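> please find the sequence and the predicted model below.
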Amino acid sequence: MPVYIGLYRFTEEGRQQVKTFADRMDAAKANAAKLGIKVLGQYVTLGEYDAITIVEAPAAPTVPKR
């Protein structure tokens with residue numbers, strides 16, 4: 001299956017709620033599994049992007065866009 005990388009920037013509200021980020025990512029991982037998407041990794045980063053997610057999905061249309 002193809003591998004996709006999602007790059008994310010937190011909103012100001014998201015930055016204020018960073019302590020709940022892990023819980024939100026667990027929920028996103030469960031929802032992704034329902035779509036046949038396997039989450040390979042989720043990372044908080046420094047620099048231009050605040051987080052990245054690496055997933056394996058059956059096809060590009062399966063991967064949700066934000």
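Looks like it came in fine.
> for the protein, what spans make up the strands?
Under the criterion DSSP state E, strands of the chain are mapped to 3-8, 38-44, 51-56.
> just these: most buried one?
Neighbour counts (mean count of other C-beta atoms under 10 Å) averaged over each of the strands of the chain peak at strand 51-56, with a mean of 17. Quick note: C-beta positions are derived from backbone N, CA and C, even for glycine.
> that one - contacts with which helices or strands?
strand 3-8, helix 21-34, strand 38-44 (3 or more C-beta pairs under 8 Å, 6 or more residues apart in numbering; DSSP states H and E).
> distance between the helix or strand of the chain with the lowest mean pLDDT and the chain's centre?
Lowest mean confidence among the helices and strands of the chain (mean pLDDT, DSSP states H and E): helix 12-16, at a mean of 77. Centroid separation for helix 12-16 versus its chain: 16 Å, with C-alpha atoms, centre = their mean, to the nearest Å.
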